[in-house]
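1. any chance you can model this:
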Amino acid sequence: MVSFKPINLEDKDLFTDIFAKTKPIASEMSFAYLFMWECEYNLLYAIVEDHLCMISRPRNFKPFAFCPIPVDGVRNDEKFKKAVTVIEEYFKNNGMDLLFGRVEESRLEELKQVYGSRMEAEYLEDISDYVYETSNLINLPGKKLGKKKNHINQFMRMYGSYEYVPVDKSNVEECRRIFDEWCEKNHECKAKISCERAACNRLLDNWDVIPLKGALVQVNGKFEAFTIGELLNPEMAVIHIEKGNSDIHGVYSLINRDFCANEWSSVKYINREEDMGIEGIRKSKLSYNPDFMVKKFLVKVSH
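-> Just a heads-up that it's a prediction; the model follows:
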């Protein structure tokens with residue numbers, strides 16, 4: 001019997017090593033992401049047949065498994081099938097319908113080889129990732145992205161100057177304050193057990209342990225926006241958090257451009273994660289003209 005166990009900080013090196021070999025493009029495939037959202041995913045994992053197998057028991061959704069990930073980054077259909085069988089047994093023994101969640105489009109074929117006609121795949125638009133060319137986010141070329149440049153120009157006319165400051169242990173409390181003020185203004189986090197602020201705080205609590213990069217923007221002597229990201233693979237960074245004072249016109253466009261220019265200019269792509277089906281977030285992410293989407297699916301397996 002395979003024993004699944006919760007993810008914790010001591011698992012960082014194991015997960016980081018596996019993801020380094022698989023070179024993921026989906027935003028979930030990093031230790032920082034899984035650790036920060038552990039309160040939401042309620043995650044269990046085990047290494048089965050040289051595959052990382054993860055099972056999530058979310059608060060607001062049915063339990064699901066992630067598609068097993070080869071620990072050496074090399075596809076092996078025989079071992080994959082054995083790993084999937086162990087997951088299927090876990091779901092059966094716990095009286096749960098077998099679901100695979102957040103499955104990348106590129107991995108549907110592997111599951112289809114195992115389950116054939118028993119498998120049904122549903123495209124999940126709300127949780128598919130937006131990916132952009134880094135140079136476009138830095139230079140903001142063309143008519144569409146020129147609007148973002150105009151926002152930054154307006155910012156400069158209104159405020160004259162600003163300071164870009166990397167996040168470190170000495171200023172993480174400023175990130176918390178900005179998030180707290182954002183939540184208050186947007187009436188978020190009221191009586192929620194798990195939320196984005198709690199997830200962000202897990203990263204800030206362990207800033208020196210998890211390999212992250214962050215930035216703050218200071219306007220008129222006060223920090224007004226911050227962002228946090230990390231390298232997802234050698235060609236792609238992912239932005240996990242971006243929060244700011246919306247009363248400061250253009251501050252979001254500014255911190256996005258400067259973070260990419262200062263920290264990620266050497267990578268080709270930036271993954272800005274999903275829109276969660278929230279219209280305002282979707283409109284904002286589309287306004288940056290994504291180069292492609294990391295399409296994700298929910299896979300249902302019938303008996």
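
2. do a quick rundown of the helices in the stretch 1-150 of the chain.
-> With DSSP state H, counting those that start in this stretch as the criterion, the stretch 1-150 of the chain has helices at 12-22, 31-36, 38-41, 77-93, 108-115, 134-139, 142-159.

3. single out the most deeply packed of these.
-> Of all the helices of the stretch 1-150 of the chain, helix 31-36 has the most neighbours on average by mean count of other CB atoms under 10 Å, namely a mean of 22. (C-beta placed from N, C-alpha, C; glycine too.)

4. counting by contacts, list what that one packs against.
-> helix 12-22, helix 196-205, strand 236-244 (3 or more CB pairs under 8 Å, 6 or more residues apart in numbering; DSSP states H and E).

5. need the residues that contact that helix.
-> Residues from elsewhere that reach helix 31-36 (CB atoms under 8 Å, 6 or more residues apart in numbering): 7, 9, 11-12, 15-16, 19, 27-28, 41, 43, 54, 199-200, 202-203, 206, 210-212, 230, 238, 240.

6. which among those residues end up buried?
-> 7, 12, 15, 19, 27-28, 41, 43, 54, 199-200, 202-203, 210, 212, 230, 238, 240 (16 or more other CB atoms under 10 Å).

7. show me what F297 is bridged to.
-> On the basis of DSSP bridges, F297 is bridged to V103, Y123.

8. quick one: it and Y123 touch, right?
-> Yes - judged on CB atoms under 8 Å, F297 makes contact with Y123 at a distance of 5.7 Å.

9. in terms of neighbours, single out the busier of these two.
-> F297 (22 against 11; other CB atoms under 10 Å).

10. list the contacts of that one.
-> F297 sits next to V103, E104, E105, L108, A121, E122, Y123, L124 when contact means CB under 8 Å, 6+ apart.

11. one more time with 10 Å
-> 67, 100-105, 107-108, 111, 120-124, 127-128 (CB atoms under 10 Å, 6 or more residues apart in numbering).

12. can you select the buried ones among those residues for me in PyMOL?
-> To isolate the buried ones among the contacts of F297 in PyMOL, judged by 16+ other CB under 10 Å, type:
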select buried, resi 67+100+101+102+103+104+107+108+111+124+127+128
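
13. can you give me the helices in the stretch 151-300 of the chain?
-> 172-186, 196-205, 251-263, 279-287.

14. re the thing from before, for the helices of the stretch 1-150 of the chain, which one sits closest to H249?
-> Distance to H249, taken as CB to CB, is lowest for helix 142-159 among the helices of the stretch 1-150 of the chain, at 5.6 Å.

15. other SSEs contacting that closest one?
-> helix 134-139, strand 213-219, helix 251-263, helix 279-287 (3 or more CB pairs under 10 Å, 6 or more residues apart in numbering; DSSP states H and E).

16. between strand 213-219 and that helix, find me the angle.
-> Between the axes of helix 142-159 and strand 213-219, defined by axes from the mean of the first three to the mean of the last three CA atoms, to 10 degrees, the angle is 50 degrees.

17. please state the offset of helix 142-159 from the chain centre?
-> Here the centre of helix 142-159 is set off from its chain's centre by 27 Å, with CA atoms, centre = their mean, to the nearest Å.

18. now swap in stretch 165-177 and tell me
-> The answer for stretch 165-177 is 20 Å, by CA atoms, centre = their mean.

19. shaky segments in the stretch 101-250 of the chain?
-> Applying pLDDT under 70 to the stretch 101-250 of the chain flags residues 188-194.

20. tell me the contacts of N256?
-> 132, 137-138, 140, 148, 152, 215, 225, 227, 239, 242, 244, 270, 272, 288.

21. ah, wrong one, I meant T134
-> E235, M236, A237, C260, A261, W264, S265, S266, V267, K268, Y269, I270.

22. who wins for most neighbours among those residues?
-> Highest count within those by other CB under 10 Å belongs to I270, 27 neighbours.

23. tell me the bridge partners for it.
-> Y132, A237.

24. if I look at the residue lying closest to E230 once chain neighbours are set aside, how far off is I239?
-> In space, and not counting its chain neighbours, E230 is closest to L212: 5.1 Å by CB to CB, 6 or more residues apart in numbering. Separation of L212 from I239 (CB to CB, to the nearest Å): 11 Å.
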